[in-house]
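Visitor: quick one: sequence and predicted model below, then my questions.
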Amino acid sequence: MELDFRKLFVTKLFSFSKEDEELIFEIYDRLSAIYDISMVDIEDSPYSQFRSQDIDFLQEPKLCYSITSKNKTEISYLFIVNLIGTTIRGARTTDKYDSLEVWGLKEVHEDFGFISINKKKLADRIAGIFSSFNINFRNNKDFRDFYVLGSDPYKTMTFLSPKRKEIIKSISDEDFKIEVKSNIVGLRISKALSVDNALMVSKFLEEI
């Protein structure tokens, strides 16, 4: 069901701070200048198919945009996600939203199994030694700075076509994580919500 974004101010945005409300409206306005965009219920997106069965209640999508390219050929979903902080003992640090991030999902036409991609860090280099799902890119110089896990090496390499590798390498923020689950591609930017991050995610989803 398509929803009128402006009419959701009372029912959907009442828990956000004034600054967050203004940022959410700005993101909507900037995206609407590039794409056909509408707000939809999260239940009408691929989120339930993509998320893990072990639900992380510290990460909760609050808003969902359906984004259609101007040529009407590509549809993707952008989520404003609430992340709740915890103390070392696991207690919530506050009753209000701690931080917001932007995540994106897009359904593609092929089942690629499970794939995880992120920019390499020291911990990833160590973990990769012990992972049976690690895809070796040491001899693939154009992608050796990325840590790739895949449940099926053939499907993973099929997904990572030269075009897709260039799209991934063009992501300007290094704190990202791409996950593919069957035919759904997801991108998370692990930084505070911003207009630039929303535009970055939407551009990736359109191109991937």
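Guide: Now that the structure is in, tell me what you want to look at. Numbers count the residues shown, from 1 in each chain.

Visitor: alpha carbons only for contacts and neighbour counts from here, please
Guide: Fine.

Visitor: so what's Leu187 up against?
Guide: Applying C-alpha atoms under 8 Å, 6 or more residues apart in numbering, we find Leu187 in contact with 103-105, 176-179, 201.

Visitor: for the top helix by length along the chain, packing partners?
Guide: Identified as the longest helix of the chain according to DSSP state H is helix 18-32. Identification of packing neighbours for helix 18-32 by 3 or more C-alpha pairs under 8 Å, 6 or more residues apart in numbering; DSSP states H and E yields helix 195-207.

Visitor: so which elements touch the helix it packs on?
Guide: Other helices and strands packing on helix 195-207, by 3+ C-alpha pairs under 8 Å, 6+ apart, are helix 18-32, strand 75-83, strand 99-107, helix 162-169, strand 184-189.

Visitor: ok, which of these comes nearest Lys62?
Guide: The minimum distance between Lys62 and these falls on strand 75-83, with 5.6 Å, by C-alpha to C-alpha.

Visitor: by contact count, what packs against the closest one?
Guide: Applying 3+ C-alpha pairs under 8 Å, 6+ apart, one finds that strand 75-83 contacts strand 59-68, strand 99-107, helix 195-207.

Visitor: let me have these in a markdown table, adding mean neighbour count, distance to Arg144 and mean pLDDT as columns.
Guide: Rendered in a markdown table, the data for the helices and strands packed on strand 75-83 read as follows (neighbours: other C-alpha atoms under 10 Å; distance: least, C-alpha to C-alpha, whole Å; pLDDT from 0 to 100):
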| stretch | mean neighbour count | distance to Arg144 | mean pLDDT |
| --- | --- | --- | --- |
| strand 59-68 | 19 | 30 | 88 |
| strand 99-107 | 23 | 25 | 93 |
| helix 195-207 | 19 | 20 | 94 |
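
Visitor: which of these sits closest to Val81?
Guide: Ranking these by proximity to Val81 (C-alpha to C-alpha) places strand 59-68 first, at 4.1 Å.

Visitor: tilt between that closest one and strand 99-107?
Guide: Orientation check (axes from the mean of the first three to the mean of the last three C-alpha atoms, to 10 degrees): strand 59-68 against strand 99-107 gives 50 degrees.

Visitor: got the domain ranges for this protein?
Guide: The chain is divided into the following domains under automatic domain parsing: 1-107+187-208, 110-182.

Visitor: ok so, going back, which outside residues touch the longest helix of the chain?
Guide: Where contact means C-alpha under 8 Å, 6+ apart, the residues beyond helix 18-32 that reach it are 13, 37, 194-195, 198-199.

Visitor: and that helix, what's buried?
Guide: 20, 24, 27-28, 31 (16 or more other C-alpha atoms under 10 Å).

Visitor: where in this structure is pLDDT low?
Guide: Screening the chain residue by residue with the criterion pLDDT under 70, one finds the ranges 1-15, 52-58, 84-97, 122-141.

Visitor: spit out the contact partners of the closest residue to Lys119 other than its chain neighbours.
Guide: With C-alpha to C-alpha, 6 or more residues apart in numbering as the criterion, Lys119 has its nearest non-adjacent residue at 4.5 Å, and that residue is Phe146. Going by C-alpha under 8 Å, 6+ apart, Phe146 touches 117-120.

Visitor: kindly report the same for Asn183.
Guide: 107-113.
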